[in-house]
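Visitor: Predicted model follows, preceded by the sequence.
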Amino acid sequence: MTADLKPIHDSRSKAEAALDLLVEAAATPGAVLANSLSAEDMVLTDLLVRAGLPVRIVTLDTGMLPAASHELLERAQAHFGIEIEVFAPEASDVAGFVAAQGSAYSFYDSLEARKTCCALRKVVPLDRALAGASSWITGMRREQADSRAGLQAREHDHARSVPKYNPLADWSWSDVLDYTATWEVPISTLYQRGYVSIGCDPCTRALKPGEHPRMGRWWWETDAATKECGLHV
């Protein structure tokens, strides 16, 4: 199964290689793309839809997403003609966290509180989304963070006992933007305002000139090695 791929940045080989991995992931029924509403995941959604691959597409609504992400979800579903299944945290988990911490924004106070918030708003819902999945597809790239420098196209998530595919592992940010422009793929309007990595609204900001892309996430934390939410372990 192939898709009609126009030449993109650094030739079309990267898109073809990504599609090959998607075909491999979809070969066993139950493949899931966890679409974070990033430009990377929109690229993967575009490839999946144009190739007609039987992959379930899900996303997480943490309860703290920026308005632009909700708008993009609606726009993407209309553009691709698909329904993206939404998973949200349990209301009781959120209420318990706020009661224990004394504030819904206590994640600013400590790394432990931030990781707890990420766990209940992202990790637990993702675990539900991936229950019974035969493979997990992500839009992660090596360039995104120092902690992802060794990212492989094929991995195994031991925490969930599921094969993990990262078809864009070797893509640059320029590759991503060139693809979305070539194929008119919908992406967040926040990119036009200097954002590169987009998560929850209180935890995400636009980059300052010369900053590493990961500085836009959990911008009050100074240790780059801890700038992960727990989804990818």
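Guide: Looks like it arrived, so ask away.
Visitor: Would you point out which residue is most central in this structure?
Guide: The residue lying closest to the centre of the chain (C-alpha atoms, centre = their mean) is Ser36, at 3.4 Å.
Visitor: can you tell me how far that one sits from Ile84?
Guide: 11 Å (C-beta to C-beta, to the nearest Å). Backbone N, C-alpha and C define where each C-beta goes, glycine included.
Visitor: joint contacts of these two?
Guide: Thr59 (C-beta atoms under 8 Å, 6 or more residues apart in numbering).
Visitor: shaky segments in the protein?
Guide: In the predicted model of the chain, residues 1-12, 225, 233 satisfy pLDDT under 70.
Visitor: Can you identify each of the helices in it by residue range?
Guide: Taking DSSP state H, the helices of the chain run over residues 13-26, 39-51, 67-80, 91-101, 111-118, 124-129, 173-183.
Visitor: Contacts made by the third one with the rest, please.
Guide: Surrounding helix 67-80, the residues in contact under the criterion C-beta under 8 Å, 6+ apart are 37, 42, 45-46, 49, 59, 61, 83-84, 86, 185-190, 198, 201.
Visitor: Report how many residues lie close to the closest residue in space to Ala39 that isn't next to it in sequence.
Guide: Spatially, and ignoring its direct neighbours in sequence, Ala39 is nearest to Ile187 (4.4 Å; C-beta to C-beta, 6 or more residues apart in numbering). Applying other C-beta atoms under 10 Å, we find 22 residues neighbouring Ile187.
Visitor: likewise Leu177?
Guide: 16.
Visitor: Would you confirm that it contacts Met42?
Guide: No: judged on C-beta atoms under 8 Å, Leu177 makes no contact with Met42 at a distance of 11.0 Å.
Visitor: Next, the residue nearest to the centre of the chain: phi, psi?
Guide: Main-chain dihedrals, Ser36, degrees, to the nearest 10: phi -80, psi 0.
Visitor: Please tell me how far it sits from Ala181.
Guide: If you measure Ser36 against Ala181 using C-beta to C-beta, the figure is 20 Å.
Visitor: try Trp173
Guide: From Trp173 to Ala181 the distance is 13 Å (C-beta to C-beta).
Visitor: Between those two, which has more neighbouring residues?
Guide: Trp173 (15 against 12).
Visitor: what's near enough to touch the more buried one?
Guide: Trp173 neighbours (C-beta under 8 Å, 6+ apart): Arg141, Glu143, Val196, Pro213.
Visitor: Nearest to Trp220, out of the residues you listed: which one, please.
Guide: Pro213 (16.6 Å; C-beta to C-beta).
Visitor: ok now do that closest one, which residues does it touch?
Guide: Glu143, Gln144, Ala145, Trp173, Val196, Ser197, Leu207.
Visitor: Give the full set of residues in contact with Val98.
Guide: By C-beta under 8 Å, 6+ apart, the neighbours of Val98 are Ala104, Ser106.
Visitor: re the thing from before, can you select the buried ones among the contacts of Trp173 for me in PyMOL?
Guide: For the buried members of those, the matching PyMOL selection, counting by 16 or more other C-beta atoms under 10 Å, is:
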select buried, resi 141+143+196
